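Asks: no sequence on this one, just coordinates:
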């Protein structure tokens, strides 16, 4: 296949992930068409080879050992409006937006904001691809992608067919979906039939958004950053910029300079990349300088917020965060709070000068300070898991996909 890189030009996982860690791979394929995507996936499966589908590489921590299979990265970055604005009965006009799986997620959000489409502005700045967004059901500041999904076109690796899954089929939940669930037997326990790629490979996603130039601020944290009350209506662009600013302050934006490298250069739209590069300049010239970028060399939030029984929540200290969830018998608490109060503070490392450390600005991000290996990050992650379990009796579940790494215990 012409989309297959030659042995002399295959990247490492370190080259194509935000954390900058990981070893080599047997083959790397970058399909440029829908048919090419299906052929690449089926080609690996038909030969019984391990398959790793990668988007922006932001939610993946790979082993330094060689990956003995095929890594596939969808290079398609198409965004289209398949229908005209359609006013539903008694509601605001809605617009369907279709994006191919390889489209950079924040490029899509930027497009929606420019087109005055409401619903995704709170998800600004989340690294990764459109395909990965629905696998993970990304969310932030009062919004989740699962609430926007109309349908997802997938290739079913088991039945060897393409199919369209509606939002009601996808079993969206907190940082999970039917797609993600097909990779695991239990949380963080891989299902060898498909891992590290879901049974259903996303080809494209269709979202439903509302037409309008302003939206309500739905998050208390975002409202504080904007200096307004929750529920106040503001222009979409102002909300987007506030979200980007808050994420930047937490180190939860990716390093835009990665898109100037050979292996990432074609993965973002030029205008959106230029905007991201410009936005980081003030921080780089601030008091923290280059450390701003080091805090971005991570997998994002490494652990999900635990959802626990009310009894377990009652046993936590009074100041521990508690958030309601759909099941009234359960409570969500903050992984960042648990980590910090178990003694793992911002900047924590197992040894002084270690290449793997918690971010200087956020305890949920495990960062590569330069030259870290996967074993370094795994050791840090396991120490945090054991410390939180020992202190609070709560087991933290890793969020990233971890080919070649076992973080279940």
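Replies: That came in fine, so what should we check first? Since this is a predicted model, take the numbers as computed values, not measurements.
Asks: Where does the prediction get shaky in the stretch 1-150 of the chain?
Replies: For the stretch 1-150 of the chain, applying pLDDT under 70 flags the ranges 1-2, 4-8, 84-92.
Asks: Going along the chain, name the strands of it.
Replies: 25-29, 51-54, 67-73, 79-80, 94-100, 117-118, 139-140, 143-144, 149-156 (DSSP state E, counting those that start in this stretch).
Asks: a markdown table for those, including mean neighbour count and distance to residue 202?
Replies: C-beta here means a position set from N, CA and C on the backbone, and glycine is covered the same way. Listed next are these as a markdown table, based on neighbours: other Cβ atoms under 10 Å; distance: least, Cβ to Cβ, whole Å:
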| stretch | mean neighbour count | distance to residue 202 |
| --- | --- | --- |
| strand 25-29 | 21 | 16 |
| strand 51-54 | 25 | 8 |
| strand 67-73 | 22 | 12 |
| strand 79-80 | 14 | 15 |
| strand 94-100 | 21 | 9 |
| strand 117-118 | 24 | 21 |
| strand 139-140 | 19 | 17 |
| strand 143-144 | 20 | 16 |
| strand 149-156 | 21 | 6 |
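Asks: Could you say which one of these comes nearest to residue 234?
Replies: When the strands of the stretch 1-150 of the chain are compared for distance to residue 234 using Cβ to Cβ, the nearest one is strand 117-118, at 11.3 Å.
Asks: Would you mind pulling the contact partners of that closest one?
Replies: 95, 97, 209-212, 214-215, 236 (Cβ atoms under 8 Å, 6 or more residues apart in numbering).
Asks: Direction included, what does that strand pair against?
Replies: Note on strand 117-118: by DSSP bridges, its sheet partners are strand 200-211 (antiparallel).
Asks: what does stretch 376-394 contact?
Replies: 19, 21, 61, 302-303, 306, 308, 312, 315-316, 333, 338-339, 341-344, 349-350, 354-358, 366, 368, 395-396, 398, 405, 407, 409.
Asks: ok, back up a step: using JSON lines, lay out the strands of the stretch 1-150 of the chain together with distance to residue 128.
Replies: Converted to JSON lines, the strands of the stretch 1-150 of the chain look like this (distance: least, Cβ to Cβ, whole Å):
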{"stretch": "strand 25-29", "distance to residue 128": "18"}
{"stretch": "strand 51-54", "distance to residue 128": "10"}
{"stretch": "strand 67-73", "distance to residue 128": "12"}
{"stretch": "strand 79-80", "distance to residue 128": "16"}
{"stretch": "strand 94-100", "distance to residue 128": "13"}
{"stretch": "strand 117-118", "distance to residue 128": "20"}
{"stretch": "strand 139-140", "distance to residue 128": "12"}
{"stretch": "strand 143-144", "distance to residue 128": "14"}
{"stretch": "strand 149-156", "distance to residue 128": "15"}
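Asks: Please name whichever of those is nearest to residue 178.
Replies: Among these, strand 149-156 comes nearest to residue 178, with 9.5 Å by Cβ to Cβ.
Asks: So which elements touch whichever helix or strand comes after the closest one?
Replies: Downstream of strand 149-156, the next assigned helix or strand under DSSP states H and E is strand 161-166. Strand 161-166 sits against strand 149-156, strand 200-211, with contacts defined as 3 or more Cβ pairs under 8 Å, 6 or more residues apart in numbering; DSSP states H and E.
Asks: which residues make contact with the first one from outside it?
Replies: The one in question is strand 149-156. The contact list for strand 149-156, computed with Cβ under 8 Å, 6+ apart, reads 37-38, 41-42, 96, 134, 161-167, 170, 172, 179, 199-208.
Asks: Can you flag the buried ones in the residues you listed?
Replies: Restricting the contacts of strand 149-156 to buried positions leaves 37-38, 41, 96, 134, 165, 167, 170, 172, 179, 199-208, with burial counted as 16 or more other Cβ atoms under 10 Å.
Asks: Inside helices: which ones of the contacts of stretch 376-394?
Replies: When the contacts of stretch 376-394 are checked against helices (DSSP state H), the matches are 312, 338-339, 341.
Asks: which pair in those residues spans the largest distance?
Replies: Greatest spacing in these, by Cβ to Cβ: 312 and 339 (16.7 Å).
Asks: Give me the more crowded residue out of the two.
Replies: Comparing residue 312 with residue 339 by neighbour count (other Cβ atoms under 10 Å), the higher total belongs to residue 339, at 25 against 16.
Asks: Quick check: that one touching residue 303?
Replies: Yes: judged on Cβ atoms under 8 Å, residue 339 makes contact with residue 303 at a distance of 7.5 Å.
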